[in-house]
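Visitor: Next one to model:
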Amino acid sequence: MRRKDREMDESFALSVADKCEYAVLSMVRRDGTPYGVPLSIARSGDRIYFHCAGEGEKVDALRSNPNVCITCVGDTNRLKDKFTTEYESSVIFGTASEVEDDSEKLEALRLICSRHTPDNMAQFESEAERSFKITHVWCVHISGITGKRKKYDSAGKEMKFGRME
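Guide: Residues are numbered from 1 along each chain as shown. This is a model prediction of the structure:
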């Protein structure tokens, strides 16, 4: 990370991943070209889960090369009086694998749905039963994570080196 003065600790980086509305999964296609796709994620410990169809460009890329990078953006604020934006982000590195165990798959789907559609969990069991066989779940085992933030305190001074207000 070039801007070490904006680096945040691992717990901050994980909190950004836990609250981001969506994340971008970056991978490499079979032909060596990059491919990135936005997705909804949920984390449990050192694992990031997402769901998808059983085939397609993303699945082909993951099966060909399971090394991935996930970028998460948390709170942002475009400042009106400066040419800058307050932001927080995390970048996660890991290895993706398809979840084969049905109980882990169901728990991952519950985790994803409770995070992104908490008001609709009354229908979770019926929806999971209906679509379980056609829904695929992948897990990214986190091998590294970085967090970064640009934020100003109430006095207008940038909070560096993880300083919080």
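
Visitor: Helices of this protein, residue ranges please.
Guide: Using DSSP state H, the helices found in the chain span residues 10-19, 57-64, 102-116, 124-131.

Visitor: mean pLDDT for the ones you listed: which is lowest?
Guide: Sorting the helices of the chain by mean pLDDT places helix 124-131 lowest, at a mean of 91.

Visitor: For that helix, which residues meet the burial criterion?
Guide: Judged by neighbour count using 16 or more other Cβ atoms under 10 Å, helix 124-131 contains no buried positions. Every residue, glycine included, has its C-beta placed from N, CA and C.

Visitor: List the contacts of it.
Guide: Residues from elsewhere that reach helix 124-131, judged by Cβ atoms under 8 Å, 6 or more residues apart in numbering: 106, 109, 110, 113, 114.

Visitor: can these go into TSV with extra columns for neighbour count and distance to residue 79?
Guide: What follows is these, written out as TSV (neighbours: other Cβ atoms under 10 Å; distance: Cβ to Cβ, whole Å):
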residue	neighbour count	distance to residue 79
106	17	44
109	21	39
110	15	39
113	19	35
114	13	34
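
Visitor: now, the most widely separated pair of the residues you listed?
Guide: The distance between the two most remote of the contacts of helix 124-131 (Cβ to Cβ) is 12.3 Å, for 106 and 114.
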